[in-house]
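**Q** Got a sequence here, can you build the structure:
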Amino acid sequence: MKTLTNKQISFFVKPLVFILCLVPFGLLVLGAFNDGLGVNPVETLTHETGQWALRFLLITLFVTPLRRLTKALWLIKLRRMLGLFVFFYAVLHFITYIWLDQFFDWPEILADIPKRPFITIGFASFVLLIPLAITSTNAMQRRLKKKWLTLHKLVYVIPMLVIVHFLWSLKADFSEPMIYSFVFLGLMLMRYFHDRKKAMAD
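**A** Numbers count the residues shown, from 1 in each chain. The predicted structure is shown next:
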């Protein structure tokens, strides 16, 4: 794959990826104004924002294997932006729950978190995303050094929690979370075989 210059990445690739990442949000906003979210708009918003958070999480994890396969080193420069969009859609998912679903009824929300397992694990995964978003800057990476790498290994734990959250929230048709499970498993196998190959080479 052709190597891109820093100028091309900054002025073309990153803005294009940024716009593409906002397309799902734009479609949801458009649907909200045009009554295009179905008979239960809150459920649709909750479902779609949660799914897009998970999709972007898996896309973020795919950046490194894709970089290794294509030898396109510039792909790694997109990982932070994609990771922040994971947090963006997770925040939308959380806001949909506390605002449109619960109407900021904090006693009910606090009672709901431990009462329903899928909300408990969903809330836990959201909390784990917060330090990753906060420490995503170059300055924080320099400040934390090796601790930054250890902290950001949470990115391999969070997808498992989110998939379980999704699975437990359903009463029937588990096909979607199962697809995400296989994608995540594939990504982890790619990482495992790469690390094993690297260890054998050393």
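
**Q** use CA for all of it now, contacts and neighbours both
**A** Will do.

**Q** Could you double-check that Leu28 lies in contact with Val42?
**A** No: using C-alpha atoms under 8 Å, Leu28 is not in contact with Val42, being 11.0 Å away.

**Q** Check which helices and strands the helix of greatest length in the chain sits against.
**A** Using DSSP state H, we find that the single longest helix of the chain is helix 41-70. Applying 3 or more C-alpha pairs under 8 Å, 6 or more residues apart in numbering; DSSP states H and E, one finds that helix 41-70 makes contact with helix 14-33, helix 79-95, helix 158-169, helix 175-201.

**Q** Tell me which residues of that helix come out buried.
**A** 41-42, 45-46, 48-64 (16 or more other C-alpha atoms under 10 Å).

**Q** Next, the angle helix 14-33 makes with that helix.
**A** 160 degrees (axes from the mean of the first three to the mean of the last three C-alpha atoms, to 10 degrees).

**Q** And the pLDDT for Leu69?
**A** Residue-level confidence at Leu69 comes out at 90, pLDDT.

**Q** ok, now how distant is it from Gly31?
**A** 38 Å (C-alpha to C-alpha, to the nearest Å).

**Q** same check, this time on Ile121
**A** On the measure of C-alpha to C-alpha, Ile121 and Gly31 end up 29 Å apart.

**Q** Neighbour count for those two, which is higher?
**A** When Ile121 and Gly31 are compared for neighbours, Ile121 comes out ahead with 21 against 15, by other C-alpha atoms under 10 Å.

**Q** where's the more buried one, which helix or strand?
**A** Assigned by DSSP states H and E, Ile121 falls within helix 117-134.

**Q** Return the list of helices and strands in contact with that helix.
**A** Counting by 3+ C-alpha pairs under 8 Å, 6+ apart, helix 117-134 packs on helix 79-95, helix 106-115, helix 158-169.

**Q** and Pro15, which of these is closest to it?
**A** helix 79-95 (10.3 Å; C-alpha to C-alpha).

**Q** quick check: angle from the closest one to helix 14-33?
**A** 10 degrees.

**Q** ok, and for helix 79-95, which residues are buried?
**A** So, applying 16+ other C-alpha under 10 Å, buried residues of helix 79-95: 79, 81-95.

**Q** Other residues contacting that helix?
**A** Around helix 79-95, the neighbours that count as contacts under C-alpha atoms under 8 Å, 6 or more residues apart in numbering are 18, 21, 45-47, 49-50, 52-54, 56-57, 59-60, 63, 126, 129-130, 133, 136.

**Q** The spatially most central residue of the chain and Val155: what is the separation?
**A** Taking C-alpha atoms, centre = their mean, the centroid of the chain lies closest to Leu57, which sits 2.8 Å from it. Applying C-alpha to C-alpha, the value for Leu57 to Val155 is 8 Å.

**Q** and the helix holding Ile121, average pLDDT?
**A** On average, helix 117-134 scores 94.

**Q** what's downstream of it, the next helix or strand?
**A** Moving toward the C-terminus from helix 117-134, the next element (DSSP H and E) is helix 138-144.

**Q** Check which element follows that following helix along the chain.
**A** helix 146-151.
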